[in-house]
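>>> Here you go, sequence then predicted model.
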Amino acid sequence: MIRTYHREKLINAIIYFSKNTQYCGKTKLMKLLYFLDFWHFRQTGNSVTGSEYLTLKQGPVPGALWTEITKKMKPDLDSCISIIARREPNLQRIIAKCDFNGDFFTDREKELLENIAYIFRDATAAEISEISHLPNQPWKRTLDEKGEWKRIDYLLALDGSNKCISYDQAKEKSDEISEMYKNFGAV
């Protein structure tokens, strides 16, 4: 069995963003996680949290996490964060109850966490939406082509820039990981 630490990374990324950005509610958090996973995939062919992202009208969400935080949190997440309602309708604030544990992350992943938190530190969810909703972004392309509640393919993050791996490299890496999980299982 292969240990991925995806759940630990997801929870600790939530803790990190809640402690290192302003206005961190559900919507902003979903977009920060989306950037973390898709920007890392662009560079390496792997996501950080292993989350599958879906298209909602309001933007991309890691599907399983969205369901969990809008219905009932599992004990490991519930022990690490609180979601506090704010005065404005439909707005919340995510508060960390635990310290960030960087042991599960590579140096590249930690650097990306820091960069994303720095870039979007003072941005509101609406301001971040302007970036995630740009025409050629993976969420927008998937929403336009397939509709709501559809899986966003990580390969759509590949844009040919100099910090981006090639489509062939990413596809090969993705296929290898899928085969490895199939043969050995993953936790």
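The structure has been received and is ready for your questions.

>>> How about the residue nearest in space to the middle of the chain, nearest residue that isn't a chain neighbour?
In the chain, the centroid-proximal residue (CA atoms, centre = their mean) is residue 33; its distance is 2.5 Å. Residue nearest to residue 33 in three dimensions, not counting chain neighbours: residue 62, with 5.7 Å by CB to CB, 6 or more residues apart in numbering. All C-beta spots, glycine's among them, are computed from the backbone N, C-alpha and C.

>>> Next, the contact list for the one you found, please.
10, 30, 33, 34, 37, 49, 51, 52, 53, 54 (CB atoms under 8 Å, 6 or more residues apart in numbering).

>>> Reformat those residues as TSV; add distance to residue 169 and secondary structure.
Output for the contacts of residue 62, formatted as TSV (distance: CB to CB, whole Å; DSSP: H, G, I helix; E, B strand; the rest coil):
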residue	distance to residue 169	secondary structure
10	25	helix
30	28	helix
33	24	helix
34	22	helix
37	17	helix
49	21	coil
51	21	coil
52	21	coil
53	21	strand
54	25	strand
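
>>> Pull out the buried residues from those.
Among those, those scoring as buried are 10, 30, 33, 34, 37, 49, 51, 53, 54 (criterion: 16 or more other CB atoms under 10 Å).

>>> Which pLDDT does the model give the fifth one?
Meaning residue 37. On the pLDDT scale, residue 37 is placed at 98.

>>> Same check on the last one?
Among the per-residue scores, residue 54 shows a pLDDT of 98.

>>> mind listing what it touches?
Counted by CB under 8 Å, 6+ apart, residue 54 has contacts 60, 61, 62, 63, 66, 149, 150, 151, 152.

>>> Helices of this protein, start to end?
6-20, 26-44, 63-70, 75-78, 107-119, 125-132, 138-146, 167-184 (DSSP state H).

>>> Switch these over to JSON lines; also include distance to residue 91.
Below are these laid out as JSON lines (distance: least, CB to CB, whole Å):
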{"stretch": "helix 6-20", "distance to residue 91": "14"}
{"stretch": "helix 26-44", "distance to residue 91": "8"}
{"stretch": "helix 63-70", "distance to residue 91": "14"}
{"stretch": "helix 75-78", "distance to residue 91": "20"}
{"stretch": "helix 107-119", "distance to residue 91": "20"}
{"stretch": "helix 125-132", "distance to residue 91": "8"}
{"stretch": "helix 138-146", "distance to residue 91": "21"}
{"stretch": "helix 167-184", "distance to residue 91": "36"}
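
>>> Please identify which of those is closest to residue 86.
helix 26-44 (11.1 Å; CB to CB).
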